[in-house]
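Student: here are the coordinates; sequence isn't available:
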């Protein structure tokens, strides 16, 4: 079966922006103008196609990336449908807590429409999304939306793109009027004015540029032409010779520059007022790449470990990357994949190169957000979903078993916020395990771990809203009722001095008694010197050192190991607040035994009691985990952020630069960092980005230690 449209007529692109810039509103217009929906949904009414989750409609934000497929006939082609282009679109979230959805979408897209709020211009998440697009080398067109709003300014928004994102941006359109007088756009390449008439602005009407804007349009037209011709030496030469450059040559040259990421055209409009969206779709057709324009997909042959590539061709061996998993209550697990090469039919067996397994795929569906359409075959350049694959995970490559390949996977940011979660009932406990496992499969930035010390389940994510949504989904989708709370910090205890202790365990109960007698010396464990040879009588473990200095068999050999076990058992619960004890060196240097009453249990109990007494005498201290904190922040917020870190008992170690931003590196106690991400975002207009990793344990200051000990008791 051959495809019903050529690969050159495919566009895989995403709609990305800061939260509330109008991505979903723009997506709704695209679906309406392409004929996929017959009614425009509105975010404020909670009836949009791409925001289909209950949580999205309640909050008016996008949480999960939604895939939609539609067909567009460029407006300048009139009724000639031979130019129809197939769009595979992903509407991505704008909130920073769901930034991983943007990151994974960028990995499988060929282009992006970056939407900006005409009042706010470039916003914090615009910068993050732009950075992800840069990393993935994704060509972009910019769309300044919401020019109908009070306070809207195309020029200010355009200047913020040049200043904060890239000086390669160039005006392709300018608006006719602003705010309540916004009525259309001027295309600076075609030098025409466009108005949008009829119901929902469905009729795009081209006309003459208003007389009062002719001078401005001529000025920006000349600037645009200069920027375009820079992308081709031959065209540049003709331009410098004063020759007239044909419109088609200019469009071809501009397309070449956009695909090479050398130029970012800026368009404008108001999606809510149905002005400008069709021209954005024309720009997607004219300037964003088809799969054929992109470099071949790179990977590693899993048989030979040699690099390999896959061309965007139906004839090449099948290779696809899984970029998203979603549990559907009606059909089970959906595995979203982008086909880079070859074809694949429903009923075929596919090879998962990551776990070296073959799976038969009975059903393939094309997505319209939460609606599904069964398809028999998928071709190179398409985005679809396989139903019911059991072993596959995000980032896995599906391929032809005869030509195995592992395509470059997706790297996700590390989670930064954690909380404790507990099921309310025994029944919830069983369901919670299944729910957490499913949700962590779907979302690589959501992690689960069980704390062996506190026996708590700790969940981690990208922000407090992220975790709130996860708990809400557990309740609605899996019927799990759970309570959440701040996780307990994993403190430790140790000693700062030394002590000598003798302990006799004597018990006479009639018949055989118990007798164990030990003398021990404790001191802080010194750091291990790898060049120093360990003596025969020293047993060293990660946080414990045992020195056996018994001479002349005063304690028989068979009781030495029970003594060691008793010492270690005593270290499981410290004498201050019951936290595990670490980094202690214990020397067993004397003692005695009874011929009849001595036993393993007697010596073990003697060791436990001796150790507890020794820890009391050897100046016990509390230790807390110290985190290495790195904050990337704009320069104007440096003072606020350093003050915030100092207030959290943090020690700033370095300050540096990263592009236009500043980087602060500090060491901060973990106990002070709960809620820090939210505070940081509030203090920096959402532009401060934290990164945390464990550094070391350090002694807790006396006043703080007293609070911790009191809370434990």
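Tutor: Perfect, I can see it now. As the structure is a computational prediction, the values presented were derived from the model and not from experiment. Numbers count the residues shown, from 1 in each chain.

Student: On the C-terminal side of the host helix or strand of residue 215, identify the next helix or strand.
Tutor: Assigned by DSSP states H and E, residue 215 belongs to helix 214-229. Next along the chain after helix 214-229, taking DSSP H and E as the criterion, comes helix 233-240.

Student: Could you tell me the angle between that next one and helix 214-229?
Tutor: For helix 233-240 against helix 214-229, the angle by axes from the mean of the first three to the mean of the last three Cα atoms, to 10 degrees is 140 degrees.

Student: so what does helix 233-240 touch, helix or strand wise?
Tutor: helix 214-229, helix 247-259 (3 or more Cβ pairs under 8 Å, 6 or more residues apart in numbering; DSSP states H and E). (Glycine included, C-beta is placed from N, CA and C.)

Student: Quick check: which of those is buried the most?
Tutor: Mean neighbour count (mean count of other Cβ atoms under 10 Å) peaks for helix 247-259 among the helices and strands packed on helix 233-240, with a mean of 18.

Student: circling back: looking at the helices and strands packed on helix 233-240, which is closest to residue 115?
Tutor: helix 247-259 (16.8 Å; Cβ to Cβ).

Student: other SSEs contacting that closest one?
Tutor: Helix 247-259 packs on helix 214-229, helix 233-240, strand 264-268, helix 277-287, going by 3+ Cβ pairs under 8 Å, 6+ apart.

Student: avg pLDDT for it?
Tutor: The pLDDT scores in helix 247-259 average 93.

Student: so after the helix or strand hosting residue 622, what's the next helix or strand?
Tutor: Using DSSP H and E, residue 622 sits within strand 620-633. Using DSSP H and E, the next helix or strand after strand 620-633 towards the C-terminus is helix 638-647.

Student: and that next one, which residues are buried?
Tutor: Buried residues in helix 638-647, counted by 16 or more other Cβ atoms under 10 Å: 641, 642, 644, 645.

Student: mind checking pLDDT for the third one?
Tutor: Translated: residue 644. What the model reports as pLDDT for residue 644 is 93.

Student: just for the stretch 551-700 of the chain, where's the confidence low?
Tutor: Across the stretch 551-700 of the chain, the ranges flagged by pLDDT under 70 are 658-660, 693.

Student: Run through the strands of it in chain order.
Tutor: Under the criterion DSSP state E, counting those that start in this stretch, the stretch 551-700 of the chain contains strands at 584-592, 620-633, 651-658, 661-669, 689-699.

Student: I'd like these written out as JSON lines, with mean neighbour count added.
Tutor: Formatted as JSON lines, those follow (neighbours: other Cβ atoms under 10 Å):
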{"stretch": "strand 584-592", "mean neighbour count": "20"}
{"stretch": "strand 620-633", "mean neighbour count": "20"}
{"stretch": "strand 651-658", "mean neighbour count": "11"}
{"stretch": "strand 661-669", "mean neighbour count": "19"}
{"stretch": "strand 689-699", "mean neighbour count": "15"}
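
Student: any chance of the ones you listed in a markdown table, with distance to residue 436 too?
Tutor: A markdown table is the format used below for these (distance: least, Cβ to Cβ, whole Å):
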| stretch | distance to residue 436 |
| --- | --- |
| strand 584-592 | 36 |
| strand 620-633 | 24 |
| strand 651-658 | 35 |
| strand 661-669 | 28 |
| strand 689-699 | 22 |
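
Student: can you tell which of those strands is closest to residue 137?
Tutor: strand 651-658 (19.9 Å).

Student: now the angle from the closest one to strand 661-669?
Tutor: Inter-element angle recorded for strand 651-658 and strand 661-669: 160 degrees (by the same axes, to 10 degrees).

Student: shouldn't residue 262 be in contact with residue 231?
Tutor: Yes - if you go by Cβ atoms under 8 Å, residue 262 and residue 231 touch, sitting 5.8 Å apart.

Student: Comparing the two, which residue is more hemmed in?
Tutor: Each of residue 262 and residue 231 has its neighbours counted (other Cβ atoms under 10 Å); residue 231 has more, 19 against 13.

Student: show me the residues around the more buried one that make contact.
Tutor: Listed by Cβ atoms under 8 Å, 6 or more residues apart in numbering, the contact partners of residue 231 are 253, 254, 256, 257, 260, 262, 263.

Student: how near is the last one to residue 398?
Tutor: Between residue 263 and residue 398 the distance is 35 Å, computed by Cβ to Cβ, to the nearest Å.

Student: beta partners for residue 587?
Tutor: Beta-bridge pairing for residue 587 (DSSP bridges): residue 521, residue 547.
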